[in-house]
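>>> this is a predicted model, with the sequence first.
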Amino acid sequence: MRTVSVQLGNRSYAIKIAPGLLDQLGRECARLKLGARCAIITDTNVGKRYAKAAFNSLATAGFSPSLIVVPAGETAKSLKTVQTCYDLLAEHRLERKSFIVALGGGVVGDLAGFVAATYLRGVAFVQVPTTLLAQVDSSVGGKVGVNLKAGKNLVGAFYQPRLVLCDLDTLDTLPVREFRTGLAEVIKYGIISDAKLFARLERDLPKLLWRESKTLADVVARCCEIKAEVVGQDETEGGLRAILNFGHTIGHALENISGYGKYLHGEAISIGQIIAAKLSFALTGLSGRDGGRIRDLFKRAGLPYYVKLNALQRKKLFAAMRHDKKVSGGEIKFVLAKRIGKVIWGQRVPDEIIHQVLDFRLLIPD
Ligand SMILES: NC(=O)c1ccc[n+]([C@@H]2O[C@H](COP(=O)([O-])OP(=O)(O)OC[C@H]3O[C@@H](n4cnc5c(N)ncnc54)[C@H](O)[C@@H]3O)[C@@H](O)[C@H]2O)c1
Ligand SMILES: [Zn+2]
């Protein structure tokens, strides 16, 4: 088993990564000295596969779990589902010492984390992420929340889990498209802070795509280490944490204008990261060679690597970028790369250069 620790003073916690961890859930929770009553929040897809194992493990360890199953998919990340969860928690008489287990992908993690942050002014919660994206990204760092009609993640909190258990076996049942979307975040970690990881991904991509267990364990652990390090230094995104948004300025806007249906998050940020690489080539000295390596790795991972927008879509893209909640004073700031493994945040980019990239007038040489 690999353990990564997130250092946040008295809110520090461990991320444990190994196959077969779901069966250890009860024993691991017992070490946290929490109350007996707990609730597992999961979705329909994950619930039918893994809820029983989670439930039994908790019950065997002496807990009294109840199960809350929400619909699968992004629409469950809503205040309406939050309300349903509160009612069920109250019905099951969860109290201050009780805790919530988030069993599922990023949707369940964000939703259950928000419920935990607010029910009775906060109860403990444990993340059991079951998608690659959730294991390397959303379950770590304490951003929890739900969507509004006006946009994604507009209501939320910073609320850290007490433990994160990444059971690598659960990734076996993940649909291939969902697996690849997680790879977009994995590649991001290489670009933003670890050239060695990036080189390993170039070398071991086929093994990773087969979900070979040793490679998967190494890579998930390394990504968690990078995220833990960044979050440990800047929990609430005053500065450094912004580097995790590499490729996300364009990526989020693309998700937004295509109505959150066409692209999965990882697909949108794959395109976003390649555009960011091109901007970096133009503005921050990223070499053509590094830019080409970035583009090629996303391509080889089976992720989309360009987008063609008509004039209206492009107008909407710029509007969406200006509406991003990370924009302050109307100014869009980008994270750009200097080389693979090193990025800088807070970079202003003239609209004209973005247009050049979108027109394919600014290309990275092959
Ligand atoms: N909090 C953060 O820091 C953070 C970071 C990145 C993304 N997010 C959020 O994460 C969400 C996306 O998460 P996601 O990509 O995990 O999507 P998801 O939770 O919707 O899961 C994707 C799909 O896979 C299914 N699934 C999950 N695990 C499975 C398994 N082991 N086997 C079979 N099917 C499985 C789910 O039911 C769902 O249909 C978005 O809402 C995004 O905003 C949050
Ligand atoms: Zn992301």
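In hand now; what should we look at? Numbering: from 1, shown residues only. Ligands and ions are numbered 1, 2, ... in the order given.

>>> C-alpha from now on. contacts and neighbour counts both.
OK.

>>> which bits of this protein sit near ligand 1?
Remark: the part of the chain in contact with ligand 1 comprises 43, 45-46, 72-74, 104-108, 110, 130-131, 133-134, 137-138, 143-144, 170-171, 173-174, using Cα under 6 Å from any ligand atom.

>>> buried members of those residues into PyMOL, please.
To isolate the buried members of those in PyMOL, using 16 or more other Cα atoms under 10 Å:
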select buried, resi 43+45+46+72+74+104+105+106+107+108+110+130+131+133+134+137+138+143+144+170+171+174
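
>>> in strands, which of the residues of the chain next to ligand 1 fall?
Asp43, Gly104, Lys143, Val144 (DSSP state E).

>>> in TSV: those, plus distance to Lys338 and pLDDT.
Formatted as TSV, those follow (distance: Cα to Cα, whole Å; pLDDT from 0 to 100):
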residue	distance to Lys338	pLDDT
Asp43	41	98
Gly104	36	98
Lys143	28	97
Val144	31	98
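
>>> just send these back as CSV, with distance to Gln313 too.
Output for these, formatted as CSV (distance: Cα to Cα, whole Å):
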residue, distance to Gln313
Asp43, 33
Gly104, 33
Lys143, 30
Val144, 30
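
>>> so which of these comes closest to ligand 1?
Lys143 (4.3 Å; Cα to the nearest ligand atom).

>>> nearest residue to that closest one other than its sequence neighbours?
Closest residue in space to Lys143, ignoring its immediate chain neighbours: Phe158 at 4.8 Å, by Cα to Cα, 6 or more residues apart in numbering.

>>> quick one: contacts for that neighbour?
Gly142, Lys143, Val144, Thr236 (Cα atoms under 8 Å, 6 or more residues apart in numbering).

>>> the second one touches Tyr159, doesn't it?
Okay, so that is Lys143. Yes - between Lys143 and Tyr159 there is a contact at 6.3 Å, judged by Cα atoms under 8 Å.

>>> tell me the confidence at the residue nearest to Lys143?
On the pLDDT scale, Phe158 is placed at 97.

>>> how about the strands in the stretch 1-150 of the chain?
For the stretch 1-150 of the chain, strands defined by DSSP state E, counting those that start in this stretch occupy the ranges 2-6, 13-18, 37-43, 64-70, 99-104, 124-129, 143-148.

>>> of all the ones you listed, which lies closest to Tyr50?
Minimum separation from Tyr50 across those (Cα to Cα) falls at strand 99-104, 8.2 Å.

>>> the closest residue to ligand 1 within the stretch 201-350 of the chain: neighbour count?
The nearest approach of the stretch 201-350 of the chain to ligand 1 comes at His265, 6.8 Å away (Cα to the nearest ligand atom). Counted with other Cα atoms under 10 Å, residues neighbouring His265 total 21.

>>> swap in Lys149?
7.

>>> 49 is where my numbering starts, stick with that
Noted, 49 is the first residue going forward, which turns the last one into Lys197.

>>> report pLDDT for it.
The model's pLDDT for Lys197 equals 84.

>>> what separation do you get for the closest residue to Ala120 other than its chain neighbours and Thr123?
Setting aside the residues directly before and after it, Ala120 is nearest to Asp91 in space (Cα to Cα, 6+ apart), at 5.0 Å. Separation of Asp91 from Thr123 (Cα to Cα, to the nearest Å): 11 Å.

>>> likewise Val267?
30 Å.

>>> neighbour-wise, which of the two wins?
Val267 (19 against 14).

>>> so who does Cys67 touch?
Just to correct that, residue 67 is Pro rather than Cys. Shown in contact with Pro67 (Cα under 8 Å, 6+ apart): Cys214, Asp215, Leu216, Asp217.

>>> so which of those residues is the closest to ligand 1?
Asp217 (8.1 Å).

>>> touching, Gln404 and Val397? I think so.
No - using Cα under 8 Å, Gln404 is not in contact with Val397; the gap is 11.7 Å.

>>> the two: which is more packed in?
Set Gln404 next to Val397 and count neighbours by other Cα under 10 Å: Val397 wins out with 18 against 14.

>>> my guess is the more buried one contacts Phe382. True?
Yes - the pair Val397 and Phe382 passes the contact test of Cα under 8 Å, sitting 7.1 Å apart.

>>> related to what we said a few turns ago, out of the contacts of Pro67, who has the most neighbours?
Among these, the one with the most neighbours (other Cα under 10 Å) is Cys214, at 30 neighbours.

>>> tell me the spatial nearest neighbour of that one, not counting adjacent residues.
If the residues on either side of it in the chain are set aside, Cys214 comes closest to Ile65, at 4.7 Å by Cα to Cα, 6+ apart.

>>> circling back to that earlier point, can I get the contacts of Pro67 in CSV with secondary structure?
Formatted as CSV, the contacts of Pro67 follow (DSSP: H, G, I helix; E, B strand; the rest coil):
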residue, secondary structure
Cys214, strand
Asp215, strand
Leu216, helix
Asp217, helix
